[in-house]
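Chemist: Predicted model follows, preceded by the sequence.
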Amino acid sequence: MFSTTDLTDLRKEAENAMPDSATPHTLSTVSDTMGGDVNTFTPGTAVSCRVQPLGGARELAIADRLGSDVAWEIVLPQGTSVAAKDRLVGGSRSFEIAGILAERSYEVHRRVLCREVL
């Protein structure tokens, strides 16, 4: 069992290994005047992150179930509020979240599987 201090230290170490930055954009669907829907993305606050190509067998198997275009894993700080279909925007790159790897009892960081929006 980890103490609160241990978890805080682990989370700080995890964030030290996040050299990139991204802004979560939350998906909202609103009705348009023609009876259809329009997707809009509302930007949140930028967070540290690490963008990396998928590599582990478990992640590749999950990504395969989500779609063949899921090729990126983005590691976010613990507790970052994101959901499937939200976007992460960093610099000139934009990623759509395809899935979030399950939270654990002692979450140190949050891992999401993404497809790049071109």
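Modeler: That came through fine.
Chemist: Val70 versus the residue of the chain most remote from its centre, what's the distance?
Modeler: Distance from the C-alpha centroid of the chain peaks at Met34, with 32.7 Å (CA atoms, centre = their mean). From Met34 across to Val70, the span is 32 Å (CB to CB, to the nearest Å). All C-beta atoms are positioned from the backbone trio N, CA, C, and that covers glycine.
Chemist: Partner strands of whichever strand or helix holds Gly99, with direction?
Modeler: Taking DSSP states H and E as the criterion, Gly99 maps to strand 93-100. Here strand 93-100 is paired, per DSSP bridges, with strand 87-90 (antiparallel), strand 109-117 (antiparallel).
Chemist: which stretch in the ones you listed has the least confidence?
Modeler: When the strands paired with strand 93-100 are ranked by mean pLDDT, strand 109-117 comes last with a mean of 92.
Chemist: List of residues touching it?
Modeler: Contact with strand 109-117 is made by 11, 14-15, 18, 54, 59, 62-63, 66-67, 69-80, 82, 87-88, 93-101, 103, as judged by CB atoms under 8 Å, 6 or more residues apart in numbering.
Chemist: now do stretch 100-108
Modeler: By CB under 8 Å, 6+ apart, the residues outside stretch 100-108 that reach it are 2, 7, 10-11, 14, 59, 62, 78-79, 82-84, 110-113.
Chemist: 6 Å instead, please
Modeler: The set of residues external to stretch 100-108 that reach it, using CB atoms under 6 Å, 6 or more residues apart in numbering, is Phe2, Leu10, Arg11, Ala14, Gln78, Arg111, Val112.
Chemist: mind checking the end-to-end distance for that stretch?
Modeler: End-to-end distance of stretch 100-108 (CA to CA, to the nearest Å): 14 Å.
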